[in-house]
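below is the sequence, then the predicted model.
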Amino acid sequence: MKQIITSLLKEAIKKNGVSLRNEEIEKFIEIPPSPELGDYSFPCFFLIEKFKQEPSRIALDIRRKITKVPEGFQDIQTSGAYINFFVNRKDLSKQIIQEILSKKEKYGSFSQEKNKVMIEFSQPNTHKAFHVGHIRGTTIGESLARIFEFCGNEVIRANYQGDSGMHVAKWIWCYKKYHKKQKLKEDESWIASIYVDAIKRLSKNEKLQEQVDLINKMLAERSDKELDSLWKKSRKLSLDSFEKIYRELNTHFDVYFFESEMEKRGLDMAEKLLKDEIAKISEGAVIIDLKKYNLGVWVLLRKDQTVLYSAKDLALVKEKFEKFKINRNVYVIGSAQSMHMAQLFKTLELMNFPKVKECKYVPFSEVRLPTGKMSSRTGENILYSDFIKEITDYSKKEIKKRFPSISKKELESRSLKISIASIKYSMLKQNPNKVIIFKKEDALNFEGDSGAYILYTYARAGSILEKANKKLKEKFDTGKLEEKEIELIKKLSQFKDVVSNAYKTMNPNVLANYSYQLCQIFNEFYHSCPVIDSEKEQFRLSLVTALRQVLKNSVYLLGISTVEEM
RNA sequence: GCCUCGGUAGCUCAGCCUGGAUAGAGCACUGGCCUUCUAAGUCAGGGGUCGCAGGUUCAAAUCCUGUCCGGGGCGCCA
């Protein structure tokens, strides 16, 4: 379309005595803000100098030199300084709807990429709370994984769980010393409470840290059987509780890395870097001095030679590329760690690691409470398990109002789907760089810009099809297209661009916004255009079917599943 | 001090990459619409110095520079 318009304009402008190259014209062609202004437009302001006329005059002059409206178009008009092109909307509508109906769940996907990509996300620490803040990274990661797959890549979902290190030592220390009489249990809030207690006790008495350091060292060396067994048991409780959460969130992982398994390799890595003189010893610790890159100092080993996250992460990159033969490595990690990531990438560069350019960092900001930071250290947070219960209870209440005789099983499954959709959508709808202030009353609002609204729209569209109970005919006549129909079809046709934008920028939020806007347009259509028993029933049934397909594809990429009734 | 991310309606945000036609939503507020495909919906209304100041441009919320405010980070946590 753009090419046709370009060459048309080029000729007309030439007839006015100005010659321009194709690129000079094409870059100005844009999509007008509303359908009554056409489907493509060309602003003439930039020709003022060359034409030495008012821009609206220029538009008229160029328009006059276009003698024939080309095939595929129905009209060319001017409006002020703009020349507006109207495509043949009937043909276009048929074409778009037919493409959606034939490609189905593949509509919008493409396959030319074919990379093997590892996406590392979620990364919760064992022995600590999984709070609503953790859902953000998990949700972004799952969504990116789906977007990457949809664009033709093979994706390996990786989770890197912090099952060792100082926080574990603190937990073990505290349990052993103060809570030994309590039985270990797979209860998120209990596990979290021990950690909170540890922090509290340590902050009251600085000297206690020495005991924790000792435990940390013993755990790292696996030198004490009793400690080891306590570690294994408590670790498993945490990991099992995470798995339950992932099942609910509709996320899975293909590979699990554990920090505890990276200790040895981290140590080797640090030694190699020392030998290569990239790292050095400072105050007894092994560090890399990155000050000249404005990246401070990166500590690899503590002065007691225990291994830090930095060295482990470095070792892990190598393993990812070598063992899994990936050619792209994506990290979805909170932006609090952006310095760490910059240090990691810079060090890889200094090591001449060949794939450093294929390592990508997708940062996201934190989820805060209205009262401030969420923290698993102080217990100032909302645990996932508590919150999901509250939101599903609310969903159930709302569902029962509408479907008093719904079966228990259906109620459970539907309320969970609606709740998860709401939580995920609220995490994905805004720019990942923006801090989310988590307000429970907002999360429990299922009106307006929410996950529930999207699912509701999908279900309503479905009930039209069910009531009509007709087989779609392949051929339909669009009749005279109404404004809401045109808007809806145009929005459907934009899906591909939105997918490719989300992929390119590694940002699901554009798809979340698109899904919502699509629903808004459909709801407007729904109210102004009756489907069943209308003159254009066949066409509108096809349109509704197409809408359902695109909406489903779109929210699938967000990691959200639809419901048929709500 | 340095690095980094934000600052758009009372509140929460979209738009910024790729500059263009009256700056869009949701919540809250006011008033309509359920004998017609699910009212978790829809229509109408009020509400905006796009933090501030310069610059580039025919044209700036959008690009550049400076500045203010807020979040995060900056050597043995992850």
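Happy to help now that I have it.

residues touching the residue of the stretch 151-300 of chain A found nearest RNA strand B, list them.
Residue of the stretch 151-300 of chain A nearest RNA strand B, by Cβ to the nearest atom of the strand: A:G165 (2.8 Å). Yep, even glycine has a C-beta here, placed from its N, CA and C like the rest. Applying Cβ atoms under 8 Å, 6 or more residues apart in numbering to A:G165 gives the contacts A:N125, A:N216, A:E259, A:Y309.

ok, which of these also contact RNA strand B?
Among the contacts of A:G165, the ones lying near RNA strand B by Cβ under 7 Å from any atom of the strand are A:N125, A:E259, A:Y309.

circling back: how about the contacts of A:G165 in a markdown table, adding secondary structure, pLDDT and neighbour count?
Listed next are the contacts of A:G165 as a markdown table, based on DSSP: H, G, I helix; E, B strand; the rest coil; pLDDT from 0 to 100; neighbours: other Cβ atoms under 10 Å:
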| residue | secondary structure | pLDDT | neighbour count |
| --- | --- | --- | --- |
| A:N125 | strand | 94 | 20 |
| A:N216 | helix | 90 | 23 |
| A:E259 | helix | 92 | 22 |
| A:Y309 | helix | 94 | 18 |
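
quick check: of those residues, which lies closest to A:K225?
Of all the contacts of A:G165, A:K225 sits closest to A:N216, with 16.8 Å by Cβ to Cβ.

so the closest one makes contact with A:M166?
Yes - assessed by Cβ atoms under 8 Å, A:N216 is found in contact with A:M166 at 5.9 Å.

work out for me the element A:F522 sits within.
helix A:509-528 (DSSP states H and E).

run through who's touching that helix.
The contact list for helix A:509-528, computed with Cβ under 8 Å, 6+ apart, reads A:143, A:147, A:425, A:428-432, A:449, A:453-454, A:457-458, A:460-461, A:464, A:482, A:484-485, A:487-488, A:491-492, A:494-495, A:498-499, A:501-502, A:543, A:547, A:550-551, A:554-555, A:557-558.

repeat for stretch A:288-300
When contacts are defined by Cβ under 8 Å, 6+ apart, stretch A:288-300 is touched by residues A:266, A:269-270, A:273, A:278-280, A:282, A:285-287, A:307-308, A:310-311, A:314, A:339, A:342-343, A:346-347, A:350.

mind listing what's buried in the helix holding A:F522?
Across helix A:509-528, burial judged by 16 or more other Cβ atoms under 10 Å covers A:509-516, A:518-523, A:525-526.

any idea of the mean pLDDT in the helix or strand that that helix is followed by?
The first helix or strand that comes after helix A:509-528 along the chain, using DSSP H and E, is helix A:537-556. Mean pLDDT, computed over helix A:537-556, is 97.

residues making contact with stretch A:248-255?
Taking Cβ under 8 Å, 6+ apart as the rule, stretch A:248-255 contacts A:118, A:122, A:135, A:138-139, A:141-142, A:156-159, A:246, A:324, A:388, A:416, A:420, A:424, A:559, A:561.

CA atoms only: put that stretch into CSV for me.
C-alpha atoms of stretch A:248-255 as CSV (Å, rounded to 0.1, in the frame of the first residue of the first chain):
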residue,chain,number,x,y,z
GLU,A,248,-1.2,-21.8,39.3
LEU,A,249,0.6,-19.1,37.3
ASN,A,250,0.7,-21.3,34.3
THR,A,251,4.4,-21.2,34.1
HIS,A,252,6.9,-24.0,33.9
PHE,A,253,10.7,-24.2,33.6
ASP,A,254,12.8,-26.5,31.4
VAL,A,255,15.9,-26.0,33.4
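
in that stretch, what's buried?
A:E248, A:L249, A:N250, A:T251, A:F253.

so the last one, which of the three states?
What it means is A:F253. Here A:F253 is recorded as coil under DSSP: H, G, I helix; E, B strand; the rest coil.

ramachandran angles for the closest residue to RNA strand B within chain A?
Closest residue of chain A to RNA strand B, Cβ to the nearest atom of the strand: A:G448 (2.0 Å). Main-chain dihedrals, A:G448, degrees, to the nearest 10: phi 70, psi -140.

got it, and A:S561?
Backbone geometry at A:S561, expressed as degrees, to the nearest 10, gives phi -100, psi 150.

residues contacting it?
A:N250, A:K417, A:I420, A:A421, A:V555.

show the subsequent helix or strand relative to the helix or strand of chain A with the lowest mean pLDDT.
Here the helix or strand of chain A ranked lowest by mean pLDDT, DSSP states H and E is helix A:440-443, holding a mean of 87. Note on helix A:440-443: by DSSP H and E, the next helix or strand toward the C-terminus is helix A:451-468.

can you point out the buried residues in that following helix?
Result for helix A:451-468 [16+ other Cβ under 10 Å]: buried residues A:451-462, A:464-465, A:468.

helices and strands around the helix or strand immediately after it in the chain, which ones?
Remark: after helix A:451-468, the chain's next helix or strand is helix A:483-493, criterion DSSP H and E. On a contact count with 3 or more Cβ pairs under 8 Å, 6 or more residues apart in numbering; DSSP states H and E, helix A:483-493 meets helix A:89-103, helix A:509-528, helix A:537-556.

try 6 Å
On a contact count with 3 or more Cβ pairs under 6 Å, 6 or more residues apart in numbering; DSSP states H and E, helix A:483-493 meets helix A:89-103, helix A:509-528.
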